[in-house]
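*Asks:* Quick one: sequence and predicted model below, then my questions.
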Amino acid sequence: MLDIRMLRSDPQGVAANLARRGFTLDLAQFTTLEARRKEAQVAVDALRNERNTRSKAIGQAKAKGQDVAPLLAKVETLGSRLEQGEQGLASLQSELDRLLLDLPNLVHESVPPGRDASANVEVRRHGELRRLDFEARDHVAIAEGLGGLDAASASRLSGTRFAVLTGPVAALHRALAQFMLDLHVREHGYREAWVPYLVTRRTLTGTGQLPKFEQDLFKLARDAADGELFLIPTAEVPLTNLAGDRIFEAAELPLRLVAHTPCFRSEAGSYGKDTRGLIRQHQFDKVELVHIVRPQDSYAALEDLTSHAARVLERLELPYRVVALCGGDIGFASAKTYDLEVWLPGQAAYREISSCSNCEAFQARRMLARWRNPETGKPEPVHTLNGSGVAVGRALVAVLENGQQADGSVVVPGVLRPYLGGVDRLKPA
RNA sequence: GGAGAGGUGGCCGAGUGGUCGAAGGCGCUGGACUGGAAUUCCAGUAAUACCCACAAGGUAUUCGUGGGUUCGAAUCCCACCCUCUCCGCCA
């Protein structure tokens, strides 16, 4: 959520910034609505003030044993006038809230211009691409060769965009998640968290998935509307919301959290995209990193966070590049995002494996995540960041494709071997 | 799932219709005292929104949430949520 004060004081500036991400802000609608809201609120406050003072007078008169009938006559119509005003105010307020909740975050000044992914800017590359003396196979062929991917069973059980992993491939998947968690906890100073995979509408509103992107989520109906729960699309949701409705002392920050969770996405609107293999699934595992920081620290934290995610790929000996997303490609809640793209020999392309974002105060305002600024003594929104560290399914794809050998076997990166009982190579079944 | 108890400010805890945003205590902050500290004493100590210059000042809202009764609700009524205890079930 944007700071409504900024919207009031500099609407043109806000509109210009949002235009950089291709979003058109209807200024006229906002100003009209806001003016009507202000008028209604002032009127309602005045009516309530009148009610309070008159009621107090009645109480005092009663205490003195005076006749209160004339006083009561004066408040006769007050109740209905107040009720009418309150209803009007409430409907204006909810209209305004909805408008505000649907506005994306402002983008940082350093975000490159552009309308779509083609305008993203490569920041750096890391790692040598292996030169293969045989034709590269994709992860589906490799995993099936290892006897570890059962697409037929998955579609029989659950339909499209699901996978069943077995044997050494399932173990490799588990090893990857374990390795990532350990790296972030032991070397990068994160606190491990285990969190709910089902969350409420309110929680998803806090991080920005709702109200706008409900079609991307899996919802569990249950009986009543207030009992509804959603499967998390990323651990960013529960992790970041841990800071919601809290006021941190300065000394408590920064907070660095890591969790390994499954993620569930409906992938509505991605029909025909990445239909083969594990790249785009309704269910996938991810190790997620979240920072809760003081505002003045958030851009340094974004660099740290990105380097922590990159470290995973470096230790796995996977070539990757870092890309700064342009205004048109950046996410709803983010002010600035770096994507990490890993090299996939099977596709001869770099593919996204991590996305690291600084959401500044956007999520914090939605969920009321604050800290007490010692300089002002007041509670102020914190800044929140999140990044994949990294997507486990896609890391599995990358390890299989980059480690593949001519004979169909796969070399296991050294850092994963301790998690696999010392096995250094997966061999075809 | 059944029975019972309970949800008040950062924490504990009083408060059953009027001057209650709410006693008292703890904690915290500032001051006095001290060479320094402890003790003691004094004072202060919520959030949000609005008016306004995001100042001062003022107004409104907030005692789990939502609704109702009333001129007036922390206090009365209804529904829901959550927590705790016991029983059942279960990983």
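*Replies:* Nice, thanks for sending it over.

*Asks:* If we look just around RNA strand B, which residues of the stretch 51-200 of chain A are in range?
*Replies:* Taking Cβ under 7 Å from any atom of the strand as the criterion, the neighbours of RNA strand B within the stretch 51-200 of chain A are A:51-56, A:58-60, A:62-63, A:72, A:75, A:78-79. Where C-beta positions appear, they are placed from N, C-alpha and C, glycine not excepted.

*Asks:* Just these: which are in helices?
*Replies:* In helices, judged by DSSP state H, the following of those are found: A:51-56, A:58-60, A:62-63, A:72, A:78-79.

*Asks:* Greatest separation within those residues: which pair is it?
*Replies:* A:A63 and A:G79 (22.8 Å; Cβ to Cβ).

*Asks:* Could you check which of those two is surrounded by more residues?
*Replies:* Between A:A63 and A:G79, A:G79 has the larger neighbour count (other Cβ atoms under 10 Å), namely 11 against 8.

*Asks:* and that one, how far is that from A:E39?
*Replies:* Applying Cβ to Cβ, to the nearest Å, the value for A:G79 to A:E39 is 21 Å.

*Asks:* Low-confidence ranges, the stretch 251-400 of chain A, go.
*Replies:* Counting by pLDDT under 70, the stretch 251-400 of chain A shows no low-confidence range.

*Asks:* Per-residue pLDDT of the residue of the stretch 1-150 of chain A found nearest RNA strand B, please?
*Replies:* Of all residues in the stretch 1-150 of chain A, A:G59 sits closest to RNA strand B, with a separation of 3.0 Å (Cβ to the nearest atom of the strand). Here the pLDDT value assigned to A:G59 is 85.

*Asks:* Separate out the buried members of the ones in helices among the residues of the stretch 51-200 of chain A next to RNA strand B.
*Replies:* Buried residues within these, counting neighbours by 16 or more other Cβ atoms under 10 Å: A:I58.

*Asks:* A:P381: which of the ones in helices among the residues of the stretch 51-200 of chain A next to RNA strand B is nearest?
*Replies:* Distances from A:P381 to these, taken by Cβ to Cβ, are shortest for A:N52, at 31.9 Å.

*Asks:* quick revisit: could you dump the ones in helices among the residues of the stretch 51-200 of chain A next to RNA strand B into TSV and include distance to A:A35?
*Replies:* Below are these laid out as TSV (distance: Cβ to Cβ, whole Å):
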residue	distance to A:A35
A:R51	25
A:N52	26
A:T53	28
A:R54	29
A:S55	31
A:K56	32
A:I58	35
A:G59	37
A:Q60	38
A:K62	41
A:A63	43
A:L72	36
A:L78	26
A:G79	27
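
*Asks:* tell me the least confident of the ones in helices among the residues of the stretch 51-200 of chain A next to RNA strand B?
*Replies:* Least confident entry in these, by pLDDT: A:A63, with 79.

*Asks:* Spit out the contact partners of the residue nearest the centre of chain A.
*Replies:* The residue lying closest to the centre of chain A (Cα atoms, centre = their mean) is A:E236, at 4.9 Å. The neighbours of A:E236, taking Cβ atoms under 8 Å, 6 or more residues apart in numbering as the test, are A:207, A:288, A:290, A:386.

*Asks:* pLDDT at A:D116, what is it?
*Replies:* pLDDT, A:D116: 95.

*Asks:* do the same with A:G227
*Replies:* Per the predicted model, pLDDT is 67 at A:G227.

*Asks:* next one: phi and psi at A:L220?
*Replies:* The phi and psi values for A:L220, taken as degrees, to the nearest 10, are phi -100, psi 120.

*Asks:* That one contacts A:L231, doesn't it?
*Replies:* Yes - assessed by Cβ atoms under 8 Å, A:L220 is found in contact with A:L231 at 7.1 Å.

*Asks:* of those two, who's got more company?
*Replies:* Looking at A:L220 and A:L231 with other Cβ under 10 Å, you find the greater number of neighbours at A:L231, namely 19 against 10.

*Asks:* Could you find the closest non-adjacent residue to that one?
*Replies:* Of all residues not flanking A:L231 in the chain, A:F264 sits nearest, at 3.7 Å (Cβ to Cβ, 6 or more residues apart in numbering).

*Asks:* show me what contacts the one you found?
*Replies:* Taking Cβ under 8 Å, 6+ apart, we find A:F264 in contact with A:197, A:217-218, A:231-233, A:282-283.

*Asks:* give me the number of residues near the residue in the stretch 251-400 of chain A that RNA strand B sits nearest to?
*Replies:* Nearest to RNA strand B, among the residues of the stretch 251-400 of chain A, is A:P379, at 4.5 Å (Cβ to the nearest atom of the strand). When neighbours are defined as other Cβ under 10 Å, A:P379 has 15 of them.

*Asks:* quick one, helices of the stretch 1-150 of chain A?
*Replies:* Per DSSP state H, counting those that start in this stretch, the stretch 1-150 of chain A has helices spanning A:4-9, A:11-19, A:27-63, A:69-74, A:78-101, A:139-145. These are given in chain order.

*Asks:* And the stretch 151-300 of chain A, by the same measure?
*Replies:* When secondary structure is read from DSSP H, counting those that start in this stretch, the stretch 151-300 of chain A shows helices at A:151-158, A:167-186, A:201-207, A:236-241, A:298-315.

*Asks:* And the shortest one, how far out from the chain middle?
*Replies:* Average the C-alpha atoms of helix A:236-241, do the same for its chain, and the two points are 7 Å apart (Cα atoms, centre = their mean, to the nearest Å).
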